[in-house]
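Q: structural data only, the sequence is not supplied:
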C-alpha cells in the first residue's frame, strides 16, 4: 500500500489553496481556504497525520469541486489558451494551416482571435472573477515589460515598412536587410513571449486576482498585432501599394487593435 | 440508505446536540467512519450549508483565533427527522432478516 506523503501544515495549506483556487469560484475558494486553515492549525491536530486524515490536498480540492462549474471554466480556459497557442505559432512560423490555399484571406485571423479572447475573457472574469487587495507590483512590472516590447517591435515595424519593398528584397548587403532580419526575429520572439505572458496572466487571474487579466489582454494584443503584421508582410500581394501607403494602411489597423487592447487592459485593471 | 446518507444523519445528529466548530464535527465522524477522510466529511458539511440545512457564525474559540461554528437550521432539523425515519425503517428491515 502506498504511504501518504507527509506535509507540514504550511505546505498542505499552500498546495490545497493552489488546487482550490484553480477549481472553485473565487469567493468559494477563499471561504474553503479559511475553513481549512482553521482545521489544519487546530492545536490538537497531529501534523504528521495531516495527509492521512484530510487526504492529499488535490484530492481534498477535488471533493469540493462542483463538476459542472469547473468544466465550464475549463472550457473557457481551453478556448483562450488555444487562441494564445495559435498566436504563438503564427508569430513563430508566420503560417496558418490554410497558408498557400487562402493566403489572401488569413491576415485577419489574428484579429479574430484577439476579438474572441478579449470579449470572452472580459465577460468571464468580470462576471466570475474577484479582486484581491491592491494591484500586485509584479503585475505592473509584467505589464511594463510587455508594453515596452510591444512598442519596441512597433517602432521597428514602422522603420522597416518605410523601406521600399524592392530595397528590402534586393539590398542584400545593406542596413535595410539587417533591419528586416532583426524585425522578423524580434516579431518571432516577442510574439511567442507575449503569448506566454498572456497565458501566465490568465492563470493568475483565476488563481490570485482577476486584475492579472490585464496581462492576458496586453499580451494577447501584442501577439495579435505581430500576427497581423506577419501575415500582411508575407502575403506577397503584387498589387500591394507602395511602402508609404502600405505603412499607413498597416498602422491604421494596428492603431485600432492597440486602442482596443489598451481599453481592454484598462477595463481589466478596474 | 447509502453511506453518504448515514454520514449526513450522524452529522446532523451531532449538530442537533449543539453548535459545533469544524474540528469538533469532523473528529468524531472520522472516528466512527475510519475509512472516510475528513475532507469528504467537510465536503458534505459544506454541501449541507449550500442546501441551507446548516448555517454558521464566528465566535471566540479557546483563547485562539475566532472559530466557525455550525448550527442546524429548521430545514436541517426537518431533514434530520426524515433521515432518522429512514434509518428506523432500514434498521427494522434488516432486523426482520435476523441481523442483530
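A: Structure received. Keep in mind the model is a prediction, meaning the values are calculated, not measured.

Q: burial of residue A:74, as a residue count?
A: 12 (other Cβ atoms under 10 Å in any protein chain shown). In this view, the C-beta of every residue, glycine as well, is placed from N, C-alpha and C.

Q: element containing it?
A: Under the criterion of DSSP states H and E, residue A:74 resides in helix A:67-93.

Q: what are the buried residues along that helix?
A: Across helix A:67-93, burial judged by 16 or more other Cβ atoms under 10 Å in any protein chain shown covers A:73, A:76-77, A:80-81, A:83-84, A:86-91.

Q: pick out the residue nearest the middle of the chain.
A: Unless you meant another one, I'm taking chain A. Nearest residue to the geometric centre of chain A (Cα atoms, centre = their mean): residue A:198, 1.6 Å.

Q: please go with chain B instead
A: Most central in chain B under Cα atoms, centre = their mean is residue B:11, positioned 0.8 Å from the mean C-alpha point.

Q: where in chain A is pLDDT low?
A: For chain A, the stretches with pLDDT under 70 are A:1-4, A:95-105, A:163-175, A:236-243.

Q: return the set of buried residues in the lengthiest helix in chain B.
A: Counting residues, the longest helix in chain B under DSSP state H turns out to be helix B:74-95. For helix B:74-95, the neighbour count (16+ other Cβ under 10 Å) marks B:76, B:79, B:80, B:83, B:87 as buried.

Q: quick one: the residue nearest to the first one when sequence neighbours are not counted from chain A, how far?
A: By that I understand residue B:76. Spatial nearest neighbour of residue B:76, chain neighbours left out: residue B:53 (3.7 Å); criterion: Cβ to Cβ, 6 or more residues apart in numbering or on different chains. In this view, residue B:53 and chain A are 17 Å apart by Cβ to the nearest Cβ, to the nearest Å.

Q: in the strand or helix carrying residue A:185, which residues are buried?
A: According to DSSP H and E, residue A:185 maps onto helix A:175-207. In terms of neighbour count (16+ other Cβ under 10 Å), helix A:175-207 has its buried residues at A:176-177, A:179-180, A:183-184, A:186-188, A:190-195, A:197-199, A:201-202, A:204-207.

Q: same question for stretch A:146-156.
A: Here stretch A:146-156 shows A:146, A:149, A:150, A:153, A:154, A:156 as buried, counting by 16+ other Cβ under 10 Å.

Q: ramachandran coordinates for the closest residue to residue A:48 other than its chain neighbours?
A: Closest residue to residue A:48 apart from its sequence neighbours, by Cβ to Cβ, 6+ apart: residue A:6 at 5.8 Å. Dihedral pair for residue A:6: phi -80, psi 140, per degrees, to the nearest 10.
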